[in-house]
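Engineer: Could you look at this predicted model? Sequence included:
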Amino acid sequence: MGTPVPGPDWAVLAPDWDPAEHSAELDARAEEELEAIGRTAERVAGGSIRAAVLGVNDGLVTNLCMILGVAGASASAATIRLTGLAGLVAGALSMAAGEWVSVRSQREVAHGMEDALQRAWTLSPPVVLTRLARRMRERGLDRVTAVRASRGVVSAPRGARETSLRILYGVGAEDAGSPVVVAVSSFLLFALGALVPLLPWFITDGGPAVTASLVVTALASLAVGGLLGRGSGRGALRSALRQLLIVAGASAVTFGLGRLAGGAVL
């Protein structure tokens, strides 16, 4: 049998933690926290959080501004509805196309970096190993452990190139997520956000429709900001109010410009 590995020195590793308070319940809660972090990390790495926030928020702001700009120019309700629908479709398609190209390009660049790393390995494995060990030492490992870890990484049967790239440069081909998933989600979320300020114009028109658009968009902005703040742990109220202020400022500017443009045209 091998020499037993001594237990961790908790007084050094976790000086604020009392081992006497250790329990199965606390272990289970810690496991739950780690699982939640893992799920969030997957969404962040896959771009779903970014796509969701950008999609809904852009839909809300863009279409509200378009609707208010045209309404400020005293356009008819039919014109405003057509403008809103055109803005919804055009914006959703633009978001989807932009996200697809962006994510696809990011994955292609990462794959190209993996190929370059393979070429470097073919030219001189010691150079790559030295770089890996150096990067691991920069992250806190001692020299012996870093050397052993770098050898383990390059000898792994699967994922050696991607793991090496992630250690050396902090990026990977899978970080951006699926281009199709990001594009579809961006399209749907933008359309959902853009539909909110447009809905009142299918029920009423004029001043009541403008007021209703502002109210429902403000509520939706507060909800989006609150959910984002809650998910980030930085406070739902602060994030919700920030989101509302952005929407309010943008809508005020476009409504005023619509008034000026409408008066100039008339």
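Structural biologist: Here it is on my side, so go on.

Engineer: got any ranges where the stretch 101-250 of the chain has weak pLDDT?
Structural biologist: For the stretch 101-250 of the chain, the stretches with pLDDT under 70 are 173-177, 228-235.

Engineer: what ranges do the strands span in it?
Structural biologist: Counting by DSSP state E, counting those that start in this stretch, the stretch 101-250 of the chain forms no strands at all.

Engineer: Sketch out the helices for it, chain order is fine.
Structural biologist: 125-138, 143-154, 160-169, 179-198, 206-232, 236-265 (DSSP state H, counting those that start in this stretch).

Engineer: what sits up against stretch 212-222?
Structural biologist: 56-57, 60, 64, 67-68, 193, 196-201, 203-204, 240-241, 243-244, 246-248, 251 (Cβ atoms under 8 Å, 6 or more residues apart in numbering). For every residue, glycine as well, the C-beta is placed using N, CA and C.

Engineer: Stretch 189-204 now?
Structural biologist: Residues outside stretch 189-204 that contact it (Cβ under 8 Å, 6+ apart): 51-52, 54-60, 62-64, 67, 77, 80-81, 84-85, 87-89, 91-92, 95-96, 208-209, 212-214, 216-217, 220.

Engineer: which parts of that stretch are buried?
Structural biologist: Neighbour-count burial for stretch 189-204 flags 189-198, 200-201 (criterion: 16 or more other Cβ atoms under 10 Å).

Engineer: which of those lies closest to Trp121?
Structural biologist: Closest approach between the buried residues of stretch 189-204 and Trp121, by Cβ to Cβ: Leu189, at 41.0 Å.

Engineer: check contacts around Thr163.
Structural biologist: By Cβ under 8 Å, 6+ apart, Thr163 lies in contact with 153, 156.

Engineer: Same question for Thr211.
Structural biologist: Per Cβ under 8 Å, 6+ apart, neighbours of Thr211: none.

Engineer: again with Val61
Structural biologist: 246-247, 250-251.

Engineer: Make a PyMOL selection of the buried ones in these.
Structural biologist: This is the PyMOL syntax for the buried subset of the contacts of Val61, where burial follows 16+ other Cβ under 10 Å:
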select buried, resi 247+250+251
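
Engineer: Using JSON lines, please lay out the contacts of Val61 together with distance to Arg148.
Structural biologist: Formatted as JSON lines, these follow (distance: Cβ to Cβ, whole Å):
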{"residue": "Ile246", "distance to Arg148": "50"}
{"residue": "Val247", "distance to Arg148": "54"}
{"residue": "Ala250", "distance to Arg148": "55"}
{"residue": "Ser251", "distance to Arg148": "59"}
